[in-house]
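Trainee: Here is my input; please provide its structure:
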Amino acid sequence: MNNVTILQALGQADSEKVGEVVRDYLRGVCRDILFDVMTTEVSLLCGPAYHPDKSSAFCRAGSAPGYAYIESRREEVVHPRVRRRDEAGRSEEVTLKSYAAVQDAGEAQRLLIEAITAAGSMRRVGNLVNNQRGSGKSQVSQLWRRAGIEKFAELRSRRLDVDENGEPRDWLALMLDGVHLAKDLLAVVALGVTADGKKVVLDFEIGASENATVTSALVSRLVERGFKPGGNRPLLAILDGSSPLRQAVIKHFPTARNQRCLVHKARNLKRYLSKRHWHELDAYFSRLRKVQGAEAALEVVNELDAFLKSKNAAAHKSLHEAGLDLIRVHLLETPATLHVSFLSTNNIENVIKNIRRATGRVNRWRSETNQAARWLAFGMLEAEKGFKRLSHRNDLPVLINHLEKNIDIENLEKLKGKLPDWLREEALSELVKAGELGDRATTQKSRPSPASLRATPSASPKTNLTPITQSDNL
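Mentor: Residues are numbered from 1 along each chain as shown. Now for the predicted structure:
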């Protein structure tokens, strides 16, 4: 189709078909360019047409039907053939570099994977890519399986002590939450926040529930891969309220400061309350998310405690179960601008939403295979591509400074007389623990090391080392 023909076709085509006419024309131009490139390569190998280079070991061998990927679509083409003669007179087929380059299906496969992500179904992918070759259900399924295995390996092989540029990472916070995939199939997902406000998906562990084995395995693997807070600063952990998650964090980070997700806590309390009380409960938690400082937070918690006491005993007990983890961020005097990031696991909930969007059409999870791991790894890495830094990250140095200075312990010391009974015992326990850790650190600093003892000369008078003779014994 030349320029005159394309203009005529455009003039005769309906407005709805103009785009298709232009695309057909461009694909034809690409085929012509490809043929010219392959012809040029043949001439370089064999010499000009009808004037072969007799000194060359290559010779023309006609042409054959083949295919090439044009606009990420597989197109039928005719490609020239070349053979190479050896010293014994035998010849073998030679693949042209230009022809091999246009047979690379990488871009087409990338588009197929994007189509799977968009469609959520292997059967619907063919419709999205006009049923081009290679988009059959079984072929797409095999491609998706390979891509999932690659993503899983990529996620698990990433080092956590350094970033992609090899620079050391300073971890500030760890968020842990569970996502239910099916009955008796759950994944605990971990997300980290660096001191400069970057969010990074870390890992996940699949199990039947958020039990101690699953959660401990996940946190242990994070530590092995290099996850730890910078310096001697305690880690800030935001958890969904699961006791095994809290125990796993404390086991590997004994000084961690745990904050209960207020969204999860409010959701749990609603299970005990009548719907007519939900609005008032939401108002208390909204105030708790907005107030800044330990005293203001304690005032709201006391009001919430009185409200629940008058409504439901089970809800009242559930609030007490959370303890100081309800207001840990407030005890650290964290700027209120950071509450949206550290008073809930919403950052990790957004990752889970992306995972659910990708896995929404999966009707059967096969726990005996790596199916769930492949889908989760792909979904988490895809979600990470859209991550932005924390809002109000310029206030993070304040939180970091307060963590280093243990401001929450200082506030507990100041407020221990104002704390209600259900918080006072836990506060006193933390104060005792902090005192023991402080005494231990002071002792270690004042105690000389073995190396210094060996290097320091003795101040006592030298002992006479003259051998004792028999007469001396007498």
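Trainee: Was I right to think residue 272 contacts residue 281?
Mentor: No - contact between residue 272 and residue 281 fails when scored by Cβ atoms under 8 Å: they sit 10.0 Å apart. Placement of C-beta: from N, CA and C, glycine included.
Trainee: Pretty sure residue 51 sits in a strand.
Mentor: No - under DSSP: H, G, I helix; E, B strand; the rest coil, residue 51 falls outside any strand and is assigned coil.
Trainee: Okay, and residue 159 sits in which element?
Mentor: Using DSSP states H and E, residue 159 maps to neither a helix nor a strand.
Trainee: for residue 177, same thing?
Mentor: Going by DSSP H and E, residue 177 is part of strand 171-182.
Trainee: Buried ones in that strand, by neighbour count?
Mentor: For strand 171-182, burial by neighbour count (16 or more other Cβ atoms under 10 Å) applies to 171, 172, 173, 174, 175, 176, 177, 178, 179, 181.
Trainee: A strand includes residue 190, no?
Mentor: Yes - applying three-state DSSP, one finds residue 190 inside a strand.
Trainee: Pretty sure it sits against residue 173.
Mentor: No - checked against Cβ under 8 Å, the pair residue 190 and residue 173 is beyond contact range at 11.0 Å.
Trainee: what two of the buried residues of strand 171-182 are the furthest from one another?
Mentor: 172 and 181 (29.2 Å; Cβ to Cβ).
Trainee: How about the residue minimising distance to the centre of the chain: what's its closest non-neighbour residue?
Mentor: With distances taken as Cα atoms, centre = their mean, residue 201 lies nearest the centre of the chain, 1.6 Å away. Nearest non-adjacent residue to residue 201, counting by Cβ to Cβ, 6 or more residues apart in numbering: residue 380, 4.4 Å away.
Trainee: Distance-wise, check that neighbour relative to residue 180.
Mentor: 16 Å (Cβ to Cβ, to the nearest Å).
Trainee: same thing with residue 206?
Mentor: 11 Å.
Trainee: Same question for residue 345.
Mentor: According to Cβ to Cβ, residue 345 stands 15 Å off from residue 180.
Trainee: Same question for residue 239.
Mentor: Shown here: residue 239 relative to residue 180, a distance of 17 Å by Cβ to Cβ.
Trainee: can you check residue 30 too?
Mentor: Residue 30 is 48 Å from residue 180, by Cβ to Cβ.
Trainee: same thing with residue 276?
Mentor: The value you get for residue 276 to residue 180, if Cβ to Cβ is used, is 29 Å.
Trainee: now do residue 333
Mentor: 36 Å.
Trainee: Same check on residue 419?
Mentor: Counting by Cβ to Cβ - residue 419 and residue 180 are separated by 36 Å.
Trainee: Residue 288 and residue 297 touch, don't they?
Mentor: Yes - using Cβ under 8 Å, residue 288 is in contact with residue 297, at 6.3 Å.
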